[in-house]
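Asks: pasting the structure only:
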């Protein structure tokens, strides 16, 4: 776990007993200077109150504080849910003497139960006064739900003659965790990045990382990725193009890819990390659709769990993916072992089954129709997943 | 199990050791008179050889024989697969002295392995000579894969002053079974039905039944429904509209609904039968999309398995279904217990959890936007499902 500390960011995590006593479940990330902020949010039509609020808060592109809690998603909580989210941001802003429009808030946990506001209100003064006494890892821990480890990734970046830092933390142990909600990711950097450039870089980074992972195919009400760039490095502001831009962008992509992979590895009940590559598609969109269909198939995921080189299930998933596919052209590889040539078996199932015993699996599908390609990361489907999700709330 | 015997249909089932020795795995359904035939087939782009062949065979609307085997799907078997399917239909036609264009063939079982033609060829004479010595239930058994019981439904129908019969059999213990392929259904009737009317009735019946069930959301390469109407009742031919048409249609709908429900009850590892009703949608299509999203959600299915009234997962699934939904309008009922009113909790989760202990569950979602409704039948997702599908081929 590389811990890189971008200048000017302070952290605080406290125990507010939001769902369970005696665990860190409420935290803030504070930038000493007002920062440029950008966000991407769930496309689920049911959006938790904090998501609705953050979409408004980040629209003007300026921010200074992110509040996060676990244990309660503040989703499907109606009018009261929005009132609660607004109140928390106002309280925090008040104690910090900043404008409430600079505060974003993210929640993750059970859906449909109002936040325990009494306990939260009481903790806010301590939360703020504690700033600087926690590490970024403490925040990563405070936002864990069914995650089994905190997820952090950082990079140093050469920007001109200066060295900037980017650090990202995230949580999410299912594409959506149980009734617990999903994927949250916060990225902090001291590099000065122009607002629109920040927005575009984040969108692209998310597209290449969090939008490429499938655990169970469910999409949460709370997914949020936020990036704050406070410019305290004092670099020449990064706008578009150029060497500095590429250096920043590459590091950002690296961090979001690291974090996305960690989420898959920590997928509920997962025992394998699976990369699905589709090549030779007509368009990138079709390559992606095909990869998704395979990654989402219950049958493919259970077969891989059982080390069964059952490529017929992959063919069936490709067939209903909606992408163009010609059975008689399709090749499939497990690792470097070609299991399907031109739509039919090569007789290597036993060799492939041996390969599947690994923890990291790569499956390549060559549709041999066009030149576009894409990929998706996923995990296997295990009895443990069912156990976790059948038992979760009860 | 109602066994109704339409006139003029003879059955035969034999043991051909297609995948395992000593089980019935090859069968034919023979109509003494040429019949009108109609079919509906998988929309998967990867279609097994027999499906491709049957689409051609049934186009002219006349048929007399259905051959079916389990143990091998004859899918992803390339050119050879088609040659094999054609050869079997020709052999059977030869022994029966009928035109090969009157023979359809359906296969279910593992994908990607050629049919054991030597063993099948040897059995065809016995298969034909045995006609009339088997019951329809024997055919239903011969086509079972992971099914735990044979699926049969029949109805007597008043047509004018005569009483006709319709019998349907099917198999399929997942929307798709493991690498075993899917759902096959054959319907026999002695009622004379005009070709186009037969086609339309079947399409509508499938739409209301087999297209309403979700076990795991995977769609097979082999799904086929065939109906043969041989007219041996001697009724006035049913064309469109009228009392006889309605009587025939209602019985056909009843049979396909019976069979579809049996498939869900026999879903791999399923412990509960779940009906999901969506009301108040803008259009029927949107109602259906919403019901499907809920029925396919891993999280909803595991929660129901765990008797957890976790309606937040239902809200999340509705939110990403692509259908119009207004959080603040949505009501959700488990049985008659209202668990969500206008998008928020009613505090009845414990009462609802008690209801969920039943084997038959009904969930009603009222979107309160429009007047359209739809429904889907599904089952829960259990550890047993993962076990069956991880272990299947190995």
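Replies: Everything's here; your move. As the structure is a prediction and not an experimental result, all values here were calculated from the model.
Asks: pLDDT weak spots in chain A?
Replies: Applying pLDDT under 70 to chain A flags the ranges A:1-3, A:173-182, A:215-219, A:391-394.
Asks: what about the helices in it?
Replies: With DSSP state H as the criterion, chain A has helices at A:49-57, A:78-96, A:117-129, A:136-142, A:195-208, A:242-265, A:284-296, A:298-305, A:311-320, A:349-355, A:383-391.
Asks: between those helices, which gets nearest to residue B:336?
Replies: helix A:78-96 (22.9 Å; C-beta to C-beta). In this view, the C-beta of every residue, glycine as well, is placed from N, C-alpha and C.
Asks: follow-up on the earlier one: can you redo the helices of chain A as JSON lines, where the extra columns are distance to residue B:294?
Replies: Formatted as JSON lines, the helices of chain A follow (distance: least, C-beta to C-beta, whole Å):
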{"stretch": "helix A:49-57", "distance to residue B:294": "21"}
{"stretch": "helix A:78-96", "distance to residue B:294": "21"}
{"stretch": "helix A:117-129", "distance to residue B:294": "31"}
{"stretch": "helix A:136-142", "distance to residue B:294": "32"}
{"stretch": "helix A:195-208", "distance to residue B:294": "27"}
{"stretch": "helix A:242-265", "distance to residue B:294": "24"}
{"stretch": "helix A:284-296", "distance to residue B:294": "16"}
{"stretch": "helix A:298-305", "distance to residue B:294": "16"}
{"stretch": "helix A:311-320", "distance to residue B:294": "19"}
{"stretch": "helix A:349-355", "distance to residue B:294": "35"}
{"stretch": "helix A:383-391", "distance to residue B:294": "15"}
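Asks: Would you reformat those as JSON lines and include distance to chain B and mean neighbour count?
Replies: Putting the helices of chain A into JSON lines (distance: least, C-beta to the nearest C-beta, whole Å; neighbours: other C-beta atoms under 10 Å in any protein chain shown) gives the following:
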{"stretch": "helix A:49-57", "distance to chain B": "10", "mean neighbour count": "22"}
{"stretch": "helix A:78-96", "distance to chain B": "4", "mean neighbour count": "18"}
{"stretch": "helix A:117-129", "distance to chain B": "16", "mean neighbour count": "16"}
{"stretch": "helix A:136-142", "distance to chain B": "22", "mean neighbour count": "23"}
{"stretch": "helix A:195-208", "distance to chain B": "17", "mean neighbour count": "18"}
{"stretch": "helix A:242-265", "distance to chain B": "15", "mean neighbour count": "20"}
{"stretch": "helix A:284-296", "distance to chain B": "8", "mean neighbour count": "22"}
{"stretch": "helix A:298-305", "distance to chain B": "4", "mean neighbour count": "28"}
{"stretch": "helix A:311-320", "distance to chain B": "3", "mean neighbour count": "27"}
{"stretch": "helix A:349-355", "distance to chain B": "7", "mean neighbour count": "17"}
{"stretch": "helix A:383-391", "distance to chain B": "3", "mean neighbour count": "21"}
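Asks: so which of the ones you listed gets nearest residue A:70?
Replies: Judging these by C-beta to C-beta, what sits closest to residue A:70 is helix A:136-142, at 6.4 Å.
Asks: Identify the residues contacting the residue of the stretch 1-150 of chain A found nearest chain B.
Replies: Nearest residue of the stretch 1-150 of chain A to chain B: residue A:111, at 2.7 Å (C-beta to the nearest C-beta). Going by C-beta atoms under 8 Å, 6 or more residues apart in numbering or on different chains, residue A:111 touches A:48, A:73, A:75-76, A:179, A:181, A:221, B:311-313, B:315-316.
Asks: likewise residue A:225?
Replies: Per C-beta under 8 Å, 6+ apart, neighbours of residue A:225: A:39-41, A:183-187, A:202, A:206, A:210, A:256.
Asks: This completes my enquiry, with thanks.
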